Structures are given as C-alpha cells and as structure tokens.
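In: With the sequence up front, the predicted model follows.
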Amino acid sequence: MNIQILLADKIKQAMLAVGAPEDCDALVKQSAKVQFGDYQANGIMAAAKKMGLNPRQLAENVIQHLTLDDYIEKVEIAGPGFINLFLKAQWLATQNELALQHEKLNLTLATQIQNVVIDYSAPNVAKEMHVGHLRSTIIGDASVRVLEFLGHHVIRANHVGDWGTQFGMLIAYLEKMQNENANDMALADLEAFYRAAKQHYDDDAIFAEKARGYVVKLQGGDEYCRTMWRKLVDITMSQNIATYKRLNVTLSLEDTMGESIYNAMLPQIVADLKAKGIAVESDGALVVFLDEYKNKEGEPMGVIIQKRDGGYLYATTDIASVKYRYEQLHADRILYYTDSRQHQHLEQVWLIAHKANYIPQSLQLEHHMFGMMLGKDGKPFKTRSGDTVKLNDLLDEATERATNLIKAKNPSLSAQELADVVDAVAIGAVKYADLSKNRSTDYVFDWDNMLSFEGNTAPYLQYAYTRVLSVFRKAELSIDQALSGHITIEHEKERALALRLCQFDETITTVASDGLPHVLCNYLYDIATLFSSFYEHCPILSAENEPQKLSRLKLAALTARTLQTGLDMLGIKTVEKM
Ligand code: ARG
C-alpha cells in the first residue's frame with residue numbers, strides 16, 4: 001500500500017470538489033516532525049493562489065470535503081494553509097499484517113511492465129576495472145534488482161569498451177608475447193599488459209606500423225586479427241565476471257553488449273545521417289552541428305561521427321546502441337549509469353538519434369550520473385604511489401579489515417561462519433558506502449567509516465538484522481511461527497516503527513522512478529534505528545501478556561523481512577548471526 005499516493009489522491013479529490021483547477025497537486029509528503037502528523041499536504045497554497053482565495057480558507061473547505069474513514073484519525077490546518085494528516089494506528093497495524101502475509105511484502109508491483117535497458121559497469125577490454133566502474137556497477141545493479149523486483153523486464157547492457165584503434169597495438173603486443181611464450185604471464189595483469197603495449201607503440205616505429213596495420217585488418221574482418229581480439233576480450237571478461245561474482249553483482253557473460261556489436265551498423269548510420277542532411281562534411285570528417293550546443297565562439301558545436309581516416313567514434317557507437325536498444329530490444333526506458341563527465345556526450349547522442357528519427361520522444365532516456373570517488377584527502381582516489389586503485393586489491397583490503405574486526409567482535413564463530421560474515425560485511429561495506437551517498441556528488445572513500453558498526457553503514461544494518469533474529473532464536477521460534485496473534489499498537493515506539501514499515505512501498509516507488517538507491521539506504525537505516533528504540537522500550541519476550549508478545553514479535557518479524565528484502569535489493573548479503 002502506497003500511503004503517499006493514497007492520501008494525495010484523497011486530498012486532490014477534495015480539492016477538485018471545492019473548485020480547484022484540474023492540474024492542482026496536493027503535494028503530500030511525509031511529515032518531518034511528529035507534531036505535524038504523519039503526512040502533510042503542501043499543495044493548498046499554490047491552488048489558492050490560482051483560485052484567488054485565502055489559503056487557510058481553502059484548506060478549511062478542503063477539510064470539509066474530506067471524508068474521514070478507516071485510515072485517517074484526524075486532520076489539522078497549520079501555518080498559512082498546510083494540512084496535517086494523522087493516520088489511525090490500527091490501520092497501520094493492519095497494513096503491517098498484510099505486508100507480513102505477502103511474499104513481496106505487499107509492495108505495489110508494476111502494472112505497466114516496461115522493457116528497461118540498464119547500461120552499467122561497462123569496463124574496457126585489456127584494462128582493469130577502476131573505481132569509476134565500481135560505482136557504475138554497484139549502483140546500476142541495485143537499480144536492476146529494484147526494477148526486477150517490481151516486475152519489470154530488465155535487460156542488463158554491459159557496454160564494454162571492446163572496440164577501437166587501441167586494439168592494433170594490443171594485438172601486436174599479444175603476438176609478440178606469444179612469440180616469446182610469455183602471453184599467459186603477460187595477460188594475468190591486464191593493466192600492465194596495456195601499459196607495455198602502449199610503451200612499445202610509442203617507442204618502436206616498426207611495432208607501431210604493424211599495430212596500425214592490424215587496426216585496419218581487424219575492422220576489415222581479418223580472421224587472424226579477429227581471433228587475437230577475441231582472446232583479449234575473453235580474458236578480460238572472465239576476469240570481470242569473477243569480480244562481479246565477488247561483488248555479488250548480477251551481471252553475467254550473456255549481458256555483455258560491447259561496442260563491437262554495433263560496428264556493423266555504423267557505415268549505414270553515417271550514410272543515413274549524411275543523406276538526411278544531419279551530418280555534413282567538414283575538414284574531411286563527417287560532423288553533426290548542433291544548434292542546441294554552442295562552442296566558445298558561440299557557434300553550433302560539432303559532434304564528429306566519422307574521422308577523416310574513416311574511423312568511427314564513441315558517439316557514433318552510442319547513436320547505434322540507442323537505435324538498437326529501441327528497435328531490437330524494444331526498450332521503453334533506458335538508464336545509463338556512467339560518471340557525470342559523460343553527460344553532454346549522452347545528451348548529444350540522444351539529440352542526434354531524435355533528429356534522425358531513430359527513437360521516439362516517448363522512449364525514456366535517463367543518465368544516472370555520479371561524481372568521483374575521492375580519497376580522504378579530497379583528491380581522486382589513488383594508491384600511495386599515485387596509481388589507480390585496482391578493484392580486486394580494494395576488495396582484498398576490505399576482506400582483511402573485516403576479518404580483524406569480526407574476529408575481535410565475536411571470537412566464538414566457527415571458521416565457516418566467520419568466512420560468511422566476513423564476505424557479507426567486507427563486500428557489503430564497500431557497496432553500501434557507495435550506495436548510501438547521493439550518487440550525483442563526489443564521495444570520500446573512508447575505510448573506518450564504512451566498516452563501522454555505528455551509523456549509516458552496512459555492518460550496522462547487518463548487525464541490526466541479526467539482533468532481530470536473535471529474538472526469535474531466544475524464543476525458539478522461526479519468523480513464520482511468529483505469525484499468530486495480531487498487531488496492536490499501544491506504545492509510541494511501536495507506532496513509529498509501524499508507520500515507517502508501511503512506508504517501504506513509497507520508498508521503493510521513488511527508487512524505481514528516480515534510480516536513487518541512497519533513498520532506500522536511508523530508509524533501512526531508519527528502520528534499524530526505530531527497531532532499536534522500540535526494542536529498548538517495548539520488551540518483546542518479557543511482554544506483559546501473550547497477545548502483546550505476539551504483536552511485538554510480528555513487528556519484529558516484519559522488521560527482519562523488510563531489512564533483508566531491502567538489503568537484497570541493494571545487493572548486500574545478510575547473515576543469521578555475527
Ligand atoms: N566504457 C565506458 C568508460 O569506461 C563507459 C560506457 C558507458 N555506456 C555508454 N553507453 N556509453 O568510460
């Protein structure tokens with residue numbers, strides 16, 4: 001049950017009944033303070049202005065037309081014309097019961113199922129994933145999980161950088177290593193492999209000549225070059241898949257839709273853009289000039305789609321990929337998870353695709369961008385020697401730190417339990433640190449913060465989950481066995497928890513529409529905190545009587561399921577004890 005929508009509809013009906021314009025909006029929000037009720041309608045002032053009425057008078061009229069029913073306890077007018085809404089505790093309890101009975105916690109599932117393409121992770125071949133790909137991978141995967149949970153048809157598009165002129169030097173270098181029987185070793189460290197290839201390219205004229213020849217051959221479909229290229233792609237992807245597994249990310253090999261698959265479409269697209277007069281020749285290259293973007297001189301900005309030497313660009317491939325996703329994958333919505341520096345690139349690509357009529361206006365295109373990952377010093381996150389941090393090294397360090405932490409906290413865990421807890425905590429902490437920040441900003445990577453058992457962190461939430469479970473362990477009950485009796489809300493801490501549990505639905509709706517997982521993180525943190533103070537004030541196993549005990553057990557059971565479902569949507573594992 002989405003309470004926010006329920007109340008917004010109700011208030012809007014009342015507003016219309018007293019003559020507010022058709023497009024008025026009740027602007028119902030969760031109240032920031034208890035004294036303002038559970039929800040607030042903030043839309044009266046704007047409507048009153050349009051109607052030329054005193055806002056408080058309009059608020060009075062609206063309230064007159066509100067039918068109080070089974071869920072609204074009382075309404076109040078506050079300030080210049082806010083309407084404060086108080087819900088009935090027993091109705092909240094009923095909603096909690098319904099959620100508890102339901103496999104998917106009674107969340108509002110999609111009624112209009114969409115084909116959603118999610119473009120995320122997208123590392124580059126023969127390069128190791130760096131921290132920017134980490135952000136895209138983690139945040140993108142959370143969106144995948146939420147949209148799939150709601151019933152949408154999600155297509156994971158791993159837009160891997162597996163094409164381009166760099167493959168000439170990579171193939172030439174792979175050949176050299178094979179001739180020296182050193183290819184296995186060289187490929188084990190892709191980053192070093194890439195660097196060495198580049199070094200040869202820059203220093204050795206004969207090597208560079210050969211490399212350039214291989215680029216042309218590869219593009220022409222030459223068998224030998226194709227095989228060498230395939231080798232590089234396969235090795236990179238098998239390393240990436242291992243990393244995805246380690247990260248508990250749902251991407252598999254089948255989700256790879258690299259730049260190369262669009263290669264065959266490019267000549268036709270370029271010819272078509274030229275024929276439509278959208279692309280014009282300029283200095284031997286083919287360029288689309290966009291009036292919507294001006295360069296420093298105030299002239300329309302040019303997006304090159306084919307270089308003078310015939311080569312295509314990143315933008316050309318992205319025009320092809322959006323066309324492909326619409327035509328072949330029947331996308332209704334495409335979400336791109338890449339850093340903010342690619343924003344203009346994507347907007348220009350979409351604009352060109354619209355101008356060429358490759359995609360309709362109805363296709364939802366969204367760039368879910370994010371800032372950079374910074375070190376504690378506020379500078380881009382690097383190793384001490386100034387190199388980019390390798391993902392696997394980062395995860396190794398997380399594992400080591402988590403091991404020390406968990407061992408100290410609970411020495412009685414068995415070896416297997418310890419391994420499971422460490423895995424959940426280490427990976428969970430890294431992921432949650434990223435997910436819990438508003439993704440559009442840069443974020444500071446700080447080991448101590450992310451691994452802390454206090455504050456808005458994965459370990460805190462995972463620990464909160466085990467604490468709820470421990471109640472059931474002590475009572476020798478399983479969560480399902482707690483489902484007898486009824487929820488009755490007496491204490492204010494019970495009420496606060498019950499209300500927030502009811503708001504899981506509107507939280508997920510927001511995450512699904514805005515692609516902002518930090519909203520879910522904040523929500524789960526609230527649940528854990530509210531449970532903690534409920535637990536402190538409202539004894540569960542030593543409740544005053546059996547009905548009260550059963551009621552509280554039910555609230556605890558719903559808390560556990562909400563935490564677990566929410567963390568799972570974020571791709572974060574839970575354990576039974578830690
Ligand atoms: N491979 C690119 C990079 O490493 C990201 C690709 C993002 N997706 C896209 N359709 N352009 O920066």
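Out: In hand now; what should we look at?
In: Phi and psi next, for the closest residue to residue 276 other than its chain neighbours.
Out: Spatial nearest neighbour of residue 276, chain neighbours left out: residue 356 (6.0 Å); criterion: CB to CB, 6 or more residues apart in numbering. Placement of C-beta: from N, CA and C, glycine included. The phi/psi pair for residue 356 (degrees, to the nearest 10) reads phi -90, psi 0.
In: Neighbours of residue 335, how many?
Out: Close neighbours of residue 335, defined as other CB atoms under 10 Å, add up to 22.
In: Report the secondary structure state of residue 459.
Out: Three-state call for residue 459 (DSSP: H, G, I helix; E, B strand; the rest coil): helix.
In: Next up, the contacts around it.
Out: Neighbour list for residue 459: 405, 425, 428, 429, 451, 452, 453 [criterion: CB atoms under 8 Å, 6 or more residues apart in numbering].
In: Counting neighbours, which bits of the helix or strand bottoming out on mean pLDDT in the chain end up buried?
Out: Taking mean pLDDT, DSSP states H and E as the measure, the chain has helix 183-188 as its least confident helix or strand, at a mean of 81. Neighbour-count burial for helix 183-188 flags 183, 186, 187 (criterion: 16 or more other CB atoms under 10 Å).
In: Ok, stretch 231-241 next?
Out: Those would be 231, 232, 233, 235, 236, 237, 239, 240, 241, for stretch 231-241 by 16+ other CB under 10 Å.
In: Check whether the third one really touches residue 258, as I assumed.
Out: To tie it back to what came earlier, the one meant is residue 233. Yes. Look at residue 233 against residue 258 with CB atoms under 8 Å: they come within range, at 7.3 Å.
In: Next, show the common contact partners of these two.
Out: The contact lists of residue 233 and residue 258 share 125, 160, 162, where a contact means CB under 8 Å, 6+ apart.
In: just these now: which is nearest residue 118?
Out: residue 160 (14.3 Å; CB to CB).
In: Now pLDDT too, for the shared contacts of residue 233 and residue 258, in TSV please.
Out: Output for the shared contacts of residue 233 and residue 258, formatted as TSV (pLDDT from 0 to 100):
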residue	pLDDT
125	93
160	97
162	96
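In: and the stretch 251-400 of the chain, which residues reach the ligand?
Out: Residues of the stretch 251-400 of the chain lying near the ligand by CB under 6 Å from any ligand atom: 318, 321, 336, 338.
In: For the residues you listed, work out which two are farthest apart.
Out: 321 and 338 (12.6 Å).
In: what's around the residue of the stretch 301-450 of the chain found nearest the ligand, how many residues?
Out: The stretch 301-450 of the chain approaches the ligand most closely through residue 338 (4.3 Å), counting by CB to the nearest ligand atom. Neighbour count of residue 338, defined by other CB under 10 Å: 23.
In: any idea which element the nearest residue to it once chain neighbours are set aside lies in?
Out: The shortest distance from residue 338 to any non-neighbouring residue, by CB to CB, 6+ apart, is to residue 136 (6.0 Å). Assessed by DSSP states H and E, residue 136 sits inside helix 131-149.
In: Flag every buried residue along that helix.
Out: Those buried within helix 131-149 under the rule 16+ other CB under 10 Å are 131-149.
In: Can you narrow the residues you listed down to the ones near the ligand?
Out: Near the ligand, by the rule CB under 6 Å from any ligand atom, you find none of the buried residues of helix 131-149.
In: hmm, back to that, any chance of the residues of the stretch 251-400 of the chain next to the ligand in CSV, plus secondary structure and pLDDT?
Out: Below are these laid out as CSV (DSSP: H, G, I helix; E, B strand; the rest coil; pLDDT from 0 to 100):
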residue, secondary structure, pLDDT
318, helix, 98
321, helix, 98
336, strand, 97
338, coil, 94
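In: got TSV for these, with distance to residue 486 too?
Out: Formatted as TSV, those follow (distance: CB to CB, whole Å):
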residue	distance to residue 486
318	56
321	54
336	47
338	49
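In: between the residues you listed, which has the most around it?
Out: Busiest of those [other CB under 10 Å] is residue 336, holding 26 neighbours.
In: which residue sits closest to that residue in space, ignoring its chain neighbours?
Out: In this structure, residue 336 finds its nearest non-sequential neighbour in residue 119, 4.5 Å apart by CB to CB, 6+ apart.
In: Pull the contacting residues for that neighbour.
Out: Residues counted as contacts of residue 119 (CB under 8 Å, 6+ apart) are 140, 157, 159, 321, 334, 335, 336, 337, 338.
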